[in-house]
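**Q** Provided below are the primary sequence and the corresponding predicted coordinates.
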Amino acid sequence: MPNTKHILVALVEDKPGVLTRVASLFRRRGFNIQSLAVGHSEQPGLSRMTIVVSGDSAEVEQVRKQLDKLINVMRVSDITEEDTVARELSLIKVKATTSTRNEIIQIVDVFRANVIDVASDSLTVEVTGDENKVSSLFELLRGFGIKEMARTGTVALTRGGIS
Amino acid sequence: MKKTGAQILCESLIREGVEVIFGILGGAILPIYDAFSQYPQIRRILVRHEQAAAHAADAYARVTHKVGVCVATSGPGATNLVTGIANAYMDSSSMVAITGQVARPFIGKDAFQETDITGITLPITKHNYFVSDTTELAKTIREAFYIASTRRPGPVLIDIPRDVQQEEVEFVYPEKIDLPGYKFVSRGHSVQIKRAAKLINEAERPVIIAGRGVIISQAYAELQELAEKAQIPVVNTLLGIGSFPGQHILNFGMVGMHGMAHANMAVQHADLIIAVGMRFDDRATANTKGFAPHAQIIHIDIDPAEIGKNIPVDVPIVGDVRSVVKAINREIRHGQHLDWLSQLDQWRQEHPSLEAGEDRALLPQYVIRQIYEATQGDATVVTGIGQNQMWAAQHFVYTKPNSLISSGGLGTMGFELPAAIGAKVGRPEDVVWCIAGDGGLQMTIQELATIAQENLAIKIAIINNGFLGMVRQWQELFYGRRYVDTKLWNPDFTKIAEAYSIPGVRVNHREEIAPAIQKAMDHSGSFLIDFVVEPEENVYPMVPPGESLSQILQMPKTEVVSSC
């Protein structure tokens, strides 16, 4: 079976050690996490984890079941096949001179990204979007020289209803 | 009413029905041991090494279907539990391990005997707790016992800092448990049960593979009804031995790497496998690529993560084995598989798996059979790991339910003696035979002191071949007979036993076997027999590692004599 990207969404208890339990399980079962994003959910005391993994369906199903067995995990679902909205955020510090600054800003505008800091030799850009959009902007800016980049993992929700 | 953390622990243990704990004390658990003095109704078994406390609690849990409890101090006490906890985890044994921890102000300071035991045991516990708030202690214990004993059982560790043990708080034992993340499916899905029943009704060559889940669920009667009603042959995994009567006409013995040739052939020729409370462990399936090539597979297990983990299945049924098999039994018709059963009988005759040479002096297989003859199966057999374990699995007839206690998943040498302690404490009326290897016994031999101190009556049979026998067998068969570090110099085990006030005899000749066993049975207390067996006897049949169940090495020739 082919390896494909899967998005797992887990609702977990907001307690010490829960992230370790989840990360440890991935390590033990030999799964690579492409990205992991954790933050509060709409329910007090519960966090939502969005985990992007690569694997064939059977492998990912196995990891989903193993995650579901963790006592601190309330619910976990593979939303890859569902109609979802997925976003990530990236901060990119790109080299900028007086001659390149305008060009960079034009590119940033096309991507509907924002310049959030201007320094004499750099611009810091904030971009939000799906993985492809963030990667595309990064590629375009690469030519100007990237000084630093920070990227969150994907966060995702299913459209409409409640996942 | 205010109580100290230590008293709260004791009160909670009593409310959970705990009658006995296995452990050793140390500085960080001292307040709890001090509190034990006020609770004499909790029996304490003082072991000599924490690993033994965990194995004993594990075996106690297996024989009683209650939660086994082991207690250790922080640091090395806690880390010594690790092997025993891992063993309980692999074999789904319900255990609560309680460890002392350095006081809260010292946490994270690398204090004396501080170890992050919750971190260490994360992947080998069903769940674990670090108690940072004394008011949470009672709730934590309640949850721990519930988690350890329900659904698929497993070990739960509770790490309690010393100052939590000493702090006084209001004690209320919670009546309700609130664990929203702990889901529980006990009844199988009705659609899948109907599909399973249909396949069973239509099958021509069905085989049941019964695992430890049958024992955990105590589904003995339901399994027997399934087998008898539909006339389906039953084979067992190692830990499934004792789930179905050993002498039953439909019992075709153990499957797997050292399974009976006819049992493996049955699986390989079956058109339907009904896997009941087993997890397709590689020692049972051999190479999964060649496993049961003609069969559709029904898999019944309470753990959804076991479904499809190692083998793709056709009908998955998640639920408690007892309730699922009961439901299936209502749906199936009375069946007959005369041709199939006679085929299995024919294979059994053509490929005898329980042969032992007659001309040799003292064969280990013969020792096990003599123990069976002497007990007529009315015993609890606890084994070590390796050859002794396989011979005990093959040559003893387990007529009583749940009468074999063995380390299956982890394969822990040194399990036998402490596990025999746990089994005897759990079943004081039973004759407990500890089938030990000369290698494994020496890994936990200090527990002879525990046996002596507690005055336990355990019959110890050492299958002494002077080798780490199973590894030697692999060296012989697959490593050109290069016996690197498998030859053992052994002490005089009877003298060691004697030093612990346990009488013993050494047996060097075949005709001495039965009298020695009788002497052990007649003696009211513990007794040790050192059976000096043929040093290079091998366990057969054997499926070589990496091969499918069809590739069976038979005795006495070491080439494949039956290929199916």
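**A** Noted; the coordinates are in hand.

**Q** what sits up against the one helix or strand residue A:106 maps to?
**A** Using DSSP states H and E, residue A:106 falls within helix A:101-110. For helix A:101-110, the external contacting residues (C-beta atoms under 8 Å, 6 or more residues apart in numbering or on different chains) are A:94, A:96, A:114-115, A:123, A:125, A:127, A:137, A:140-141, A:144. For glycine as for every other residue, the C-beta is placed from the backbone atoms N, C-alpha and C.

**Q** let's see it at 10 Å
**A** By C-beta atoms under 10 Å, 6 or more residues apart in numbering or on different chains, the residues outside helix A:101-110 that reach it are A:92, A:94-97, A:113-115, A:118, A:122-123, A:125-127, A:137, A:140-141, A:143-144.

**Q** From the recorded domain assignment, give the ranges for the chain.
**A** Went with chain A since none was named. Chain A breaks down into these domains under automatic domain parsing: A:4-81, A:85-158.

**Q** My question was about chain B, not that one.
**A** B:2-170, B:190-350, B:364-532.

**Q** can you redo the ones you listed as a markdown table with mean pLDDT, mean neighbour count and distance to chain A?
**A** As requested, the domains of chain B are exported to a markdown table (pLDDT from 0 to 100; neighbours: other C-beta atoms under 10 Å in any protein chain shown; distance: least, C-beta to the nearest C-beta, whole Å):
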| stretch | mean pLDDT | mean neighbour count | distance to chain A |
| --- | --- | --- | --- |
| domain B:2-170 | 98 | 22 | 5 |
| domain B:190-350 | 97 | 21 | 4 |
| domain B:364-532 | 97 | 21 | 15 |
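
**Q** Which of the residues in stretch A:102-112 are classified as buried?
**A** For stretch A:102-112, burial by neighbour count (16 or more other C-beta atoms under 10 Å in any protein chain shown) applies to A:104-105, A:107-108, A:111.

**Q** That should have said stretch A:95-104, apologies.
**A** A:96, A:101, A:104.

**Q** Distance from stretch A:133-146 to the middle of the chain?
**A** Offset of stretch A:133-146 from its chain centre (C-alpha atoms, centre = their mean, to the nearest Å): 17 Å.

**Q** Please read the previous query as pertaining to stretch B:175-188.
**A** Between the centre of stretch B:175-188 and the centre of its chain there are 26 Å (C-alpha atoms, centre = their mean).

**Q** Give me the angle between the longest strand seen in chain A and helix A:101-110.
**A** Criterion DSSP state E: the longest strand present in chain A is strand A:84-95. Angle, strand A:84-95 to helix A:101-110, by axes from the mean of the first three to the mean of the last three C-alpha atoms, to 10 degrees: 180 degrees.

**Q** Also near chain B: which of the contacts of helix A:101-110, exactly?
**A** Applying C-beta under 10 Å from any C-beta of the partner chain to the contacts of helix A:101-110, one finds that nothing falls near chain B.

**Q** In helices, which of those residues appear?
**A** Taking DSSP state H, the ones among the contacts of helix A:101-110 that sit in helices are A:137, A:140-141.

**Q** Compile those residues into JSON lines and extend it with columns for distance to residue B:473, neighbour count and pLDDT.
**A** Shown next, in JSON lines, are the ones in helices among the contacts of helix A:101-110 (distance: C-beta to C-beta, whole Å; neighbours: other C-beta atoms under 10 Å in any protein chain shown; pLDDT from 0 to 100):
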{"residue": "A:137", "distance to residue B:473": "62", "neighbour count": "22", "pLDDT": "96"}
{"residue": "A:140", "distance to residue B:473": "64", "neighbour count": "15", "pLDDT": "95"}
{"residue": "A:141", "distance to residue B:473": "64", "neighbour count": "24", "pLDDT": "96"}
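
**Q** Would you mind listing what in chain A touches chain B?
**A** Within chain A, the positions adjacent to chain B are A:11-13, A:16-18, A:20-21, A:23-25, A:27-29, A:46, A:58, A:61-76 by C-beta under 10 Å from any C-beta.

**Q** redo that, cut-off 8 Å
**A** A:12-13, A:17, A:20-21, A:24-25, A:28, A:58, A:61-62, A:65-66, A:68-74 (C-beta under 8 Å from any C-beta of the partner chain).

**Q** Just the buried residues from those residues, in PyMOL please.
**A** Buried subset of these, written as a PyMOL selection, criterion 16+ other C-beta under 10 Å:
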select buried, chain A and resi 12+13+17+21+25+61+62+65+66+68+69+70+71+72+73+74
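
**Q** and the residues of chain A next to chain B, which of them are in strands?
**A** Using DSSP E, those in strands are A:12-13, A:73-74.

**Q** quick one: which of the residues you listed is nearest residue B:539?
**A** Nearest to residue B:539, judged by C-beta to C-beta, of these is residue A:73 at 41.9 Å.

**Q** show me what contacts the closest one?
**A** By C-beta under 8 Å, 6+ apart, the residues touching residue A:73 are A:10-13, A:18, A:22, A:67, B:181.

**Q** what does residue B:33 give?
**A** By C-beta under 8 Å, 6+ apart, residue B:33 lies in contact with B:25, B:71.

**Q** For the contacts of residue A:73, could you give me CSV that also reports distance to residue B:203 and pLDDT?
**A** Shown next, in CSV, are the contacts of residue A:73 (distance: C-beta to C-beta, whole Å; pLDDT from 0 to 100):
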residue, distance to residue B:203, pLDDT
A:10, 40, 96
A:11, 42, 96
A:12, 43, 97
A:13, 45, 96
A:18, 45, 95
A:22, 41, 94
A:67, 35, 95
B:181, 39, 92
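
**Q** Tell me the one of those nearest residue B:286?
**A** residue A:67 (29.6 Å).

**Q** Report the separation between the residue nearest to the closest one when sequence neighbours are not counted and residue B:63.
**A** Closest residue to residue A:67 apart from its sequence neighbours, by C-beta to C-beta, 6 or more residues apart in numbering or on different chains: residue A:76 at 4.7 Å. Using C-beta to C-beta, to the nearest Å, residue A:76 is found at 36 Å from residue B:63.

**Q** which residues sit against whichever strand or helix holds residue B:119?
**A** In the assignment (DSSP H and E), residue B:119 maps to helix B:117-120. Contact with helix B:117-120 is made by A:17, A:20, B:74, B:78-79, B:81-82, B:99, B:101, B:128-130, B:157, B:159, as judged by C-beta under 8 Å, 6+ apart.

**Q** any chance of the residues you listed in CSV, plus distance to residue B:211?
**A** As requested, the contacts of helix B:117-120 are exported to CSV (distance: C-beta to C-beta, whole Å):
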residue, distance to residue B:211
A:17, 32
A:20, 31
B:74, 36
B:78, 31
B:79, 31
B:81, 26
B:82, 25
B:99, 31
B:101, 36
B:128, 26
B:129, 29
B:130, 33
B:157, 25
B:159, 32
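
**Q** Closest to residue B:471 out of those?
**A** Among these, and counting by C-beta to C-beta, the member closest to residue B:471 is residue B:82, at 22.5 Å.

**Q** and that closest one, what is it in contact with?
**A** By C-beta under 8 Å, 6+ apart, residue B:82 lies in contact with B:120-121, B:124.

**Q** one step back: CSV for the buried residues of stretch A:102-112, including pLDDT and distance to residue B:401?
**A** Below are the buried residues of stretch A:102-112 laid out as CSV (pLDDT from 0 to 100; distance: C-beta to C-beta, whole Å):
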residue, pLDDT, distance to residue B:401
A:104, 96, 76
A:105, 96, 78
A:107, 96, 74
A:108, 96, 73
A:111, 95, 69
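
**Q** Thanks a lot, catch you later.
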